[in-house]
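*Asks:* The following block contains a protein sequence and its predicted model.
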Amino acid sequence: MSRIGKLPVTLPAGVEVKVSDSNLVTVKGPKGELQEQISNLVKVEMKDGVLTVSRGGDDKDSRCAHGLARTLINNMVTGVSNGFEKKLVIQGVGYRAEKKGNNLVMALGYSHPVEMPDPEGITTEVPSPTEVVVKGINKSLVGNYAAIVRSKRPPEPYKGKGVRYAGEVVRRKEGKTGKK
């Protein structure tokens, strides 16, 4: 039995879940609405405000889908109730970010500023010139957009300049003068 899959998903106040016959799960909450098509190898049931995920068989595909389905549903419930956010830190002389309307504009050492429009369902905030916060209700969209922002100038190992996740540790190299 999957350790993650057998855990029940408790629903906070103000969150509604609907499960169709074709395993289409719709979650509505104070921050918005999300839908996910869950595999037919598992069965999603709603009882007394608690959502449970069970699997039909014990084959490898069913076992894989069991934990995944529960995690996807739990992430949707968390997203519509609390939301998700990723913090990025910009390091480097002259590297900075600012918000212009619906665009994130970053100076990352290139000859031009890097402009990125906010995708649908995602908002970016710039609390300080060296911090960017990506927020949204869909965990995968928040993570993907944060990775795209980071990829515009990933941290380099010699001076550590670039865009990194908050708390990310970048292994530093000594450089060619350190070898003697």
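*Replies:* Cool, got the structure.
*Asks:* and the next element down the chain from the lengthiest helix in the chain?
*Replies:* In the chain, with assignment by DSSP state H, the single longest helix is helix 60-81. As assigned by DSSP states H and E, the chain's next helix or strand after helix 60-81 is strand 84-91.
*Asks:* what's the next helix or strand along the chain from that next one packed up against?
*Replies:* Going down the chain from strand 84-91, the next helix or strand is strand 96-100, by DSSP H and E. Counting contacts by 3 or more C-beta pairs under 8 Å, 6 or more residues apart in numbering; DSSP states H and E, strand 96-100 is packed against strand 103-107. Heads up, the C-betas are built off the backbone N, CA and C, glycines and all.
*Asks:* Any buried residues in the strand it packs on, and which?
*Replies:* Buried residues in strand 103-107, counted by 16 or more other C-beta atoms under 10 Å: 104, 106-107.
*Asks:* Show me which of the residues you listed is closest to Thr78.
*Replies:* Closest to Thr78 out of these is Leu104 (24.5 Å), distances taken as C-beta to C-beta.
*Asks:* The closest one touches Ala146, doesn't it?
*Replies:* No - Leu104 is beyond contact range of Ala146, at 11.3 Å (criterion: C-beta atoms under 8 Å).
*Asks:* Show the residue spans covered by the strands in the chain.
*Replies:* With strands called from DSSP state E, the chain shows them at 9-10, 16-19, 24-29, 32-37, 42-47, 50-55, 84-91, 96-100, 103-107, 114-117, 122-125, 131-136, 162-165.
*Asks:* Just the CA coordinates for the last one, please, in CSV.
*Replies:* These are the backbone C-alpha positions of strand 162-165, laid out as CSV (Å, rounded to 0.1, in the frame of the first residue of the first chain):
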residue,chain,number,x,y,z
GLY,A,162,22.8,35.2,-11.2
VAL,A,163,19.3,34.3,-10.2
ARG,A,164,18.8,31.6,-7.6
TYR,A,165,16.0,30.2,-5.5
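*Asks:* Return the set of buried residues in that strand.
*Replies:* 162-164.
*Asks:* on contacts alone, who are the packing partners of that strand?
*Replies:* Strand 162-165 packs on strand 84-91, helix 139-151, going by 3+ C-beta pairs under 8 Å, 6+ apart.
*Asks:* Also the longest one?
*Replies:* If you count contacts as 3+ C-beta pairs under 8 Å, 6+ apart, strand 84-91 packs onto strand 131-136, helix 139-151, strand 162-165.
*Asks:* List of residues touching the last one?
*Replies:* Okay, so that is strand 162-165. Strand 162-165 is contacted by residues 86-92, 95, 106, 108, 132, 146, 149-150, 152-156, 170 when judged by C-beta atoms under 8 Å, 6 or more residues apart in numbering.
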